[in-house]
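Trainee: Provide a 3D model corresponding to the input given below.
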Amino acid sequence: MAAGLVNGNIELYNKEGDEYKHIATLEGHLNPVSSVAFHCDGKQIASGSEDKRIGIWDIEKHKNITMLKGHSSSVWSVSWSPDGNQIASGSWDNSIGIWHNQNQQKIKGGVVQFLN
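Mentor: Numbering: from 1, shown residues only. Reported below is the predicted structural model:
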């Protein structure tokens with residue numbers, strides 16, 4: 001289980017019997033974490049933060065793989081595609097970013113702008 005915190009950290013827990021045991025703290029975001037999502041293989045998570053970045057994390061090594069940049073405002077939502085090859089991010093900048101997981105690059109044409 002993963003929980004994003006207001007201090008910018010992500011806390012990881014494992015269930016052991018009836019208890020949840022803290023296993024790691026992931027540090028790297030500069031502002032509150034608003035969204036976390038597990039990859040379909042359970043080995044990575046994506047996180048969205050008010051620091052305008054999407055974090056990709058290796059759960060087994062408890063470390064950051066990369067921080068994706070491209071939004072001009074807080075990232076409030078992240079989600080993996082069912083096959084785990086792309087990440088979608090939603091932001092207060094009224095856009096949705098679509099990112100390649102393999103090369104951590106925004107897909108060309110993969111940002112949809114919504115007009116108010």
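
Trainee: quick check, central residue of the protein?
Mentor: Against the mean C-alpha coordinate of the chain, by Cα atoms, centre = their mean, the closest residue is Ser47 at 1.8 Å.

Trainee: distance of that residue from Met67?
Mentor: The spacing between Ser47 and Met67, counted by Cβ to Cβ, to the nearest Å, is 9 Å. C-betas here are computed from N, CA, C, even on glycine.

Trainee: what do the two both touch?
Mentor: Overlap of the contact sets of Ser47 and Met67 (by Cβ atoms under 8 Å, 6 or more residues apart in numbering) consists of 54-55.

Trainee: hang on, the residue nearest to the centre of the chain packs against Asn64?
Mentor: No - with contact defined as Cβ atoms under 8 Å, Ser47 does not reach Asn64; the gap is 9.4 Å.

Trainee: bridging residues for Glu11?
Mentor: Counting by DSSP bridges, Glu11 is bridged to Ala3, Thr25.

Trainee: is it true that it touches Glu27?
Mentor: No - in this structure Glu11 lies outside contact range of Glu27 using Cβ under 8 Å: 10.5 Å.

Trainee: more neighbours: which of these two?
Mentor: Neighbour totals were compared for Glu11 and Glu27, and Glu11 leads with 16 against 12 (other Cβ atoms under 10 Å).

Trainee: check contacts around the more buried one.
Mentor: Contacts for Glu11 (Cβ under 8 Å, 6+ apart) come out as 2-3, 5, 22, 24-26.
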